[in-house]
Structure formats: structure tokens, C-alpha cells
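Undergrad: I would like to see how this sequence folds:
(one chain, ligands or ions: 1)
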Amino acid sequence: MASTVVNPGLEGVVVGETVLSNVEGEAGRLTYRGYDIYDLAEHATFEEVVHLLLHGRLPTHEELADLNRSLSEHRALPNGLLAMLHAIPRDAWPMDVLRTGVSAIAHFSPHRDDGWHETSVDSAVHLVAKVPTIVAAWDRIRRGLEPIAPDANLTTAANFLYMRTGEQPTETARKALDTYLVLLADHSFNASTFSARVTASTGADIYAATTAALATLEGDLHGGAPSKVMTMLEEIGLPEKAEQYVRDLIARGERVMGMGHREYKTRDPRAAQLEAMAKALTEKSHTKWYLIARALEDAADKVLRELKPGKRIYANVEFYSAPTLSSLGIPADEFTCLFACGRIAGWSAHILEQAGHNRLIRPQARYVGPQVHAVEPIAKRPSDNGASNGRSAGQQT
Ligand code: COA
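TA: Numbering: from 1, shown residues only. Got it, this is the predicted structure:
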């Protein structure tokens, strides 16, 4: 029997179980397999978190060395994929290119005779390794430069920075990007992960499910927000102009990008870490981006409380990602790609979890269209029936 409950945003609806991560919205806590992200950000690298998510536990020295070896082996892009990237118009949006690139990785990966790829830890590692390389390669190609091959001795974060510039990154920059990737690695059934799980639940393989996740990530209400945060910071220009900016924005019916969250009823725990990083990274130069961001967060909360008494609004993960990534020299239109470089760890683990305990994800909808009525043969339909016919049919119900 059809359910009578309609919940358009699936808010508060539990659609499955996971052992991978837990978002405690009231407490403002995020854990991966029982480890607090603060603890992981301080004591583990991104590669250790990849191992934790894919294998269920933090690695030993030997296991980490094995994983690093595999990542290193898979990091370079096949020539065919590089040729594809070279053929893309240089003004293409980096997220579009990444989505195409990830989908294309499948063509250069081992598959069965029927074309199907294994959804396995190996293919997950393959994707974790290649996603940052695609982002770095496109960064150079669109600037008219040749991509730089990965350095086998560098980690994911260090390699990304190296492949963009050709220079060995400073320890501060490497550590900052590594921490960013740890913080972004997983977040329960967020929209892109859910999308990946829906796709995997049909039996589609890991490359298809990851492509679906990437497509879902790019919207402003999910991973697309941080580049818009940078635009806001640039438009505001000075911390003291933040409040008026927010008032004008809300008056136009727009939202403050990088603020608010469906799950967290307090500050997103990742925002505090990222704020500290943004503050430290911008101390020597670009201080103004941090100061404007700080003023904007306070102003948004103040204005929203005035307009909607009792309502608080806090920074989410995207907000301080903007000044953090910007201070690492990453252009604003690549911020969402960096999000994907971290989240690929979580997507892969969720796809494996879904495939391991699968049930097709297929919800229902309440039908609100016209009642059943007969098809009018085309010869009898009035010549101007177009939209008006649809409207009147809808109104009859
Ligand atoms: N700016 C201004 N107002 C906001 C807001 C924001 N960023 N986020 C929420 N609100 C307001 C809404 O206008 C809404 O008001 P209403 O009830 O009068 O319609 C109210 O707060 C409801 O908020 P909530 O139910 O908590 O939001 P949601 O679950 O529908 O949406 C987001 C969550 C993330 C989509 C939303 O906060 C948002 O659009 N944020 C900006 C984009 C962003 O940062 N995305 C990245 C998310 S990690």
C-alpha cells in the first residue's frame, strides 16, 4: 500500500545503515568508524583515513606502506585520458572536467568481457589515487601548461600541490591540505554519497556510482558553495561591510553560501578546524580573507536572529574551506574538485558497503497529476492544445 507520508527533502528519514561515519547534529560531532574527526585530523594522515574507511581499521606501518605503494602505482593518468583532457575546451568548468575524467577512467581500467568493472577495494584505491591527478592535470592544461607526472615519494596532499606547480610544497601547505582532506573524507548519507549509493544499489559499478556522486556534489546546496563563498568575500572587500552585505542578500531572498546545515543544529565541527587553519594560513598574507569571513559569519547569525527570532545560523564545512584553499593558491572554481579529492574516500567506502549489503533503493512518490482519462487521437486534438491542454487536465483533478 502506498505510504501517505510525503517528505520531499527526506529530512529526518533513515534510509539505511552504515558503519562508516556518524553525524551527531545536536552535539556537533562527526566520527569515522568511531574516531572523532578532531582526533583523526591531529593524529592521522589522509591515507590512514582512507585505510580506515576502506578496510575498517587504522593501518599498521606495513599496511600504510602497502596502501601508499598502491596509490603511487595508480596515480598517473593513462596517455589516452590525458589526450581526452587536452581535447576539452580550456574554459570548461573544472568540476565538469573532473566528472568527465572520472567517468573516462573506466575506459582505461580492467573490465570483464561484458564491460562491467569490479567494485572492489582495488578499484576504490584506483579512484582515490587518480581523482587529484585529474584535478591537477586540468589545472595546468587550462593554463596552457603540460601536466606534471606524480612524484612516487609524495603523499596525496603533497602530490596534488606538486602536480599543480612543479615545486615541492612547504610542510605547512602539505599539512594543511592533508588535514582538509581528512575533514572532508566522509559525512554519512549526504546528498552525493546517497546518490552514489542509489546508483550502486542498481548493480552499477564503482565508476558509474562515483560519476553520479560527482554530478550531485557540484550544486550550491552541497559542494558547490565554497567558490561562491570566495565570491562573497571578494564582493564584501572589508570586514565592516559584511553586515550590510548580508542584509542586502537576505532582502533579495538569497542565501549566505557556506552557512546553515541540514543536520547540524550547532556549528559544523569541521568549520572550527578549518577556521583555525584559515587563520593560521592567512596570517602572513591574505589576512583580510580570514577577517572578512569571520565578520561575515557573525553578521549572518546576527541578521538571521533579528529576522527569525530563535533561529541561529552557523558556518558549515564550506565556509572556511574558501580562505583555506585560496591561501594554498587554489583558484576558487577548483574548490569543489578539492572537496571531491577528499570525499572520494567516503564515496568509495559507501559504494562498497552498499554493494556488500545491497537492497535496491527505490522510494515512492505521491501522484498528484490528472486522474486516468482516455487518449485523444492526434487528429481530434485542438491545434492550440499545447500547454493549455496540460493545465486544464491538471486542474480537473
Ligand atoms: N542563508 C540564509 N538563510 C538560511 C541559510 C543560509 N545559508 N540556511 C538556512 N537559512 C534559512 C532558510 O532561509 C530557512 O528559512 P525558512 O524556514 O524561512 O525557509 C531556514 O533557515 C531553514 O533552514 P534549514 O531548515 O536549517 O535549512 P535546510 O535544511 O533547508 O538547508 C542548506 C540546508 C545547507 C541547504 C542551507 O543552509 C543552505 O542553502 N546553505 C547555503 C548553501 C551551502 O552552504 N551549502 C553547503 C552545505 S554543506
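Undergrad: every contact and neighbour count from this point should use C-alpha atoms.
TA: Noted.
Undergrad: show me what counts as buried in the one helix or strand F339 maps to.
TA: Element membership for F339, per DSSP states H and E: helix 335-356. If you call a residue buried by 16 or more other Cα atoms under 10 Å, then helix 335-356 has these buried ones: 335-355.
Undergrad: now do stretch 134-151
TA: For stretch 134-151, by 16+ other Cα under 10 Å, it's 134-142, 147-151.
Undergrad: got the CA coordinates for it in CSV?
TA: Extracted as CSV, the C-alpha positions of stretch 134-151 are listed here (Å, rounded to 0.1, in the frame of the first residue of the first chain):
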residue,chain,number,x,y,z
ILE,A,134,42.9,14.7,-12.9
VAL,A,135,42.2,17.9,-11.0
ALA,A,136,45.9,18.9,-11.1
ALA,A,137,46.3,18.0,-14.7
TRP,A,138,43.3,20.1,-15.8
ASP,A,139,44.6,23.0,-13.7
ARG,A,140,47.7,23.0,-15.8
ILE,A,141,46.1,22.2,-19.2
ARG,A,142,43.7,25.0,-18.9
ARG,A,143,46.6,27.4,-18.2
GLY,A,144,48.3,26.1,-21.4
LEU,A,145,50.9,24.1,-19.5
GLU,A,146,51.8,20.4,-19.7
PRO,A,147,50.6,18.2,-16.8
ILE,A,148,53.3,17.2,-14.3
ALA,A,149,53.6,13.5,-13.6
PRO,A,150,53.1,12.5,-9.9
ASP,A,151,56.1,12.0,-7.6
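Undergrad: name the residues that touch it?
TA: Residues from elsewhere that reach stretch 134-151 (Cα atoms under 8 Å, 6 or more residues apart in numbering): 75-77, 85-86, 90-91, 94, 97-98, 101, 133, 159-164, 166, 334, 337-338.
Undergrad: quick one, phi psi at M259?
TA: Backbone torsions for M259, taken as degrees, to the nearest 10, come to phi -130, psi 150.
Undergrad: what is it paired to in the beta sheet?
TA: A315 (DSSP bridges).
Undergrad: does it really touch N316, like I thought?
TA: Yes. The pair M259 and N316 qualifies as a contact (Cα atoms under 8 Å) at a distance of 5.2 Å.
Undergrad: show me which residues of the stretch 51-200 of the chain sit near the ligand.
TA: Counting by Cα under 6 Å from any ligand atom, no position of the stretch 51-200 of the chain is adjacent to the ligand.
Undergrad: looking at the stretch 51-200 of the chain, which residue is nearest the ligand?
TA: Closest contact between the stretch 51-200 of the chain and the ligand, by Cα to the nearest ligand atom, is at N190 (8.9 Å).
Undergrad: who does the helix or strand where A272 lies touch, helix- and strand-wise?
TA: Taking DSSP H and E as the definition, A272 sits inside helix 269-281. Packing contacts for helix 269-281, counted by 3 or more Cα pairs under 8 Å, 6 or more residues apart in numbering; DSSP states H and E, involve helix 171-184, helix 287-307, helix 321-327.
Undergrad: tell me the angle the longest one makes with helix 269-281.
TA: Same thing as helix 287-307. When axes from the mean of the first three to the mean of the last three Cα atoms, to 10 degrees is applied, the directions of helix 287-307 and helix 269-281 differ by 140 degrees.
Undergrad: show me what helix 287-307 packs onto, helices and strands only.
TA: Checked by 3+ Cα pairs under 8 Å, 6+ apart, helix 287-307 has helix 225-236, helix 242-251, helix 269-281, helix 321-327 packed alongside it.
Undergrad: and if you look at the first one?
TA: Secondary structure elements in contact with helix 171-184, counted by 3+ Cα pairs under 8 Å, 6+ apart, are helix 37-43, helix 46-55, helix 156-165, helix 269-281, helix 335-356.
Undergrad: the last one too?
TA: For helix 321-327, the contact count by 3+ Cα pairs under 8 Å, 6+ apart identifies helix 225-236, helix 269-281, helix 287-307, helix 335-356 as packing neighbours.
Undergrad: hmm, back to that, which of the helices and strands packed on helix 287-307 sits most buried?
TA: Highest mean neighbour count of the helices and strands packed on helix 287-307: helix 321-327, a mean of 27 (counted as mean count of other Cα atoms under 10 Å).
Undergrad: just say helix, strand or coil for S383.
TA: When classified by DSSP: H, G, I helix; E, B strand; the rest coil, S383 comes out as coil.
Undergrad: tally of neighbours for it?
TA: 8 (other Cα atoms under 10 Å).
Undergrad: who touches stretch 304-312?
TA: So stretch 304-312 is contacted by 301, 313 (Cα under 8 Å, 6+ apart).
Undergrad: ok so, going back, adding distance to the ligand, write the helices and strands packed on helix 321-327 out as CSV.
TA: Converted to CSV, the helices and strands packed on helix 321-327 look like this (distance: least, Cα to the nearest ligand atom, whole Å):
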stretch, distance to the ligand
helix 225-236, 5
helix 269-281, 10
helix 287-307, 7
helix 335-356, 11
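Undergrad: tell me which of these lies nearest to R366.
TA: R366 lies closest, by Cα to Cα, to one member of those: helix 335-356, at 26.3 Å.
Undergrad: helices or strands up against the closest one?
TA: Using 3+ Cα pairs under 8 Å, 6+ apart: helix 335-356 touches helix 46-55, helix 94-105, helix 121-141, helix 171-184, helix 191-201, helix 206-217, helix 225-236, helix 321-327.
Undergrad: okay, now the residue in the stretch 1-150 of the chain positioned nearest to the ligand: neighbour count?
TA: Closest to the ligand within the stretch 1-150 of the chain is E11: 7.7 Å, counting by Cα to the nearest ligand atom. By the measure other Cα under 10 Å, the count of residues near E11 is 9.
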